[in-house]
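1. All I have is the shape, not the residue letters:
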């Protein structure tokens, strides 16, 4: 009885195995007739059965069914090429040589479809979707260590897919993922360009990795020395880190290349200005006059290019205002000396000096006024929507004008700017 049962079971298993292989043939028959629903029904029975789940022919048939559906109007709404891709990849995994040419061609078609869909998703800002779809293109390209496909055009598509995947991760704010992908993209000669470096810089900014950011800036500039965005990133880095001596030399070089770039001239003037008037009680530099003159000259050049720029005018006005303040300090010192001097001749000498200092101070205030007025005129129409920096410049210009006119004993004008200042502080 036991032997009979065993023999009967063996016959049953053989029949099941034959049945599943027959399902593969039946699926092929339905495929020829373009009865895709039946073809899918029978091939799925085959690939889900233990006896034929590792049958290369079964998976190859399944790939052909879904790829044929992809090319059939009315049957491709759900992107059946994706199931085809899964099936062909399974074939290659089970037997790399099985119907190799046909499988390879089917995989390339699927990879290109993944890429096209990734582009669509990216343009729709569906970055999660574009990341996955572009990854599928790359996964197919990289099969068998990248040796299965010998196609330069496919290499290009895969590189472009990596670009989409990288930027998708960046825009999705998945910075750790983006960093790995962008580094891979930087190493890819097909899609390597200045924008890859700029994107890496953006990631390092978010991660507050200044050393890595600077290294990337320098590497990018070495390859793309004329790229304006990379140059600006470098300038911004040195501004942020306060390395003004390094920045000054770089700005001077940049201005030499682009003498009509107002922003560069303005940034260079700011460096000279900051060096001429150091903060935190630092003594005035020995080359003050040279630094002041260079700041003045570069602000003037920037304003000549864009005379309505509020920032340019504000900083030019501040330069003269700060100079006037320096003379005001000297006036205070001279006044102390006058009060302490008892000798008439010496006192007269100090009084004459005070008069000269006052005239020079007022001359610098007079120079500052038109630039501060232009600052107010530039920002006042949009005062409610000014960003933080522009609002600071607007309020500071009003404050300076109020003080200047008060010192000149023009209280009507001083009052006018005081009223504007009070109104600005309420907005």
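-> Arrived safely, thanks for sending. Nothing here was measured: the structure is a model prediction, and the numbers come from that model.
2. From residue 34, how far off is residue 67?
-> 13 Å (Cβ to Cβ, to the nearest Å). Heads up, the C-betas are built off the backbone N, CA and C, glycines and all.
3. Of these two, which one has the most company?
-> Neighbours were counted for residue 67 and for residue 34 using other Cβ atoms under 10 Å; residue 67 has more, 24 against 11.
4. Buried residues of the helix or strand hosting residue 205, list them for me.
-> Counting by DSSP states H and E, the element that carries residue 205 is helix 194-207. By 16 or more other Cβ atoms under 10 Å, the buried positions in helix 194-207 come out as 194-205.
5. Tell me which other helices or strands it touches.
-> With contacts taken as 3 or more Cβ pairs under 8 Å, 6 or more residues apart in numbering; DSSP states H and E, helix 194-207 sits against helix 152-171, helix 175-186, helix 210-223, helix 228-241.
6. residues making contact with it?
-> Outside helix 194-207, the residues that touch it by Cβ atoms under 8 Å, 6 or more residues apart in numbering are 163, 166-167, 170, 175, 178-179, 182-183, 185-186, 210, 212-213, 216-217, 219-220, 223-224, 227, 229-230, 233.
7. List buried residues within these.
-> Buried, going by 16+ other Cβ under 10 Å: 163, 166-167, 170, 175, 178-179, 182, 185-186, 213, 216-217, 220, 224, 227, 230, 233, out of those.
8. mind checking how far residue 206 is from residue 84?
-> 39 Å.
9. scratch that, residue 143
-> Noted for residue 143: a distance of 15 Å to residue 84, by Cβ to Cβ.
10. more crowded one of these two?
-> Taking other Cβ under 10 Å, residue 143 and residue 84 do not tie; residue 84 has more neighbours (24 against 18).
11. and after the strand or helix carrying the more buried one, which helix or strand comes next?
-> Using DSSP H and E, residue 84 sits in helix 81-94. As assigned by DSSP H and E, the chain's next helix or strand after helix 81-94 is helix 100-123.
12. which secondary structure elements does that next one contact?
-> helix 56-70, helix 81-94, helix 127-141, helix 152-171.
13. C-terminal to the helix ranked longest in the chain, what's the next element?
-> When the chain is parsed with DSSP state H, its longest helix is helix 344-379. On the C-terminal side of helix 344-379, the closest following helix or strand by DSSP H and E is helix 388-407.
14. Mind listing what's buried along that following helix?
-> 390-391, 393-398, 400-405.
15. next helix or strand past it?
-> Counting by DSSP H and E, the element after helix 388-407 in chain order, helix or strand, is helix 411-426.
16. what's the average pLDDT for that next one?
-> The average of the pLDDT scores along helix 411-426 is 91.
17. likewise stretch 143-150?
-> Mean predicted confidence for stretch 143-150 is 90.
18. And for stretch 228-239?
-> 85.
19. same question, stretch 49-59
-> On average, stretch 49-59 scores 92.
20. related to what we said a few turns ago, please identify the most buried of the helices and strands packed on helix 100-123.
-> helix 56-70 (a mean of 24; mean count of other Cβ atoms under 10 Å).
21. unless I'm mixing things up, residue 143 is touching residue 88, no?
-> No. In this structure, residue 143 is not within contact of residue 88 by Cβ atoms under 8 Å, at 9.7 Å.
22. quick one: common contacting residues for these two?
-> Common neighbours of residue 143 and residue 88, counting by Cβ under 8 Å, 6+ apart, are residue 107.
23. so who does residue 36 touch?
-> 30, 65, 68-69, 72, 75.
24. mind running it again at 10 Å?
-> Contact partners of residue 36, counting by Cβ atoms under 10 Å, 6 or more residues apart in numbering, are 30, 65-66, 68-69, 72, 75, 80.
25. Check residue 322 too.
-> When contacts are counted by Cβ under 10 Å, 6+ apart, residue 322 is found next to 273, 276-277, 292, 295, 364, 368, 400.
26. rerun at 8 Å
-> Contacts of residue 322 (Cβ under 8 Å, 6+ apart): 273, 277.
27. List the buried residues of the one helix or strand it maps to.
-> Using DSSP H and E, residue 322 sits within helix 310-340. Within helix 310-340, the residues that count as buried by 16+ other Cβ under 10 Å are 310-328, 330-331, 334, 338.
28. Where does the record place the domain boundaries for this protein?
-> By the assignment in automatic domain parsing, the chain contains the domains 243-306, 311-427.
29. Same list, those, but as JSON lines with distance to residue 156 please.
-> Converted to JSON lines, these look like this (distance: least, Cβ to Cβ, whole Å):
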{"stretch": "domain 243-306", "distance to residue 156": "34"}
{"stretch": "domain 311-427", "distance to residue 156": "42"}
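30. Minimum distance to residue 136: which of these has it?
-> Residue 136 lies closest to domain 311-427 among those, at 42.1 Å (Cβ to Cβ).
31. from the chain's centre, how far out does that closest one sit?
-> Distance of domain 311-427 from the chain centroid (Cα atoms, centre = their mean, to the nearest Å) equals 40 Å.
32. Residues in contact with stretch 22-34: which ones?
-> With contact meaning Cβ under 8 Å, 6+ apart, stretch 22-34 is reached by 36, 38-43, 45-46, 49, 52, 55, 57-58, 61-62, 64-65, 68, 72.
33. Does anything pack onto the helix or strand where residue 249 lies? Which helices or strands?
-> For residue 249, the element it lies in under DSSP H and E is helix 244-257. In terms of contacts (3+ Cβ pairs under 8 Å, 6+ apart), helix 244-257 is packed against helix 228-241, helix 262-276.
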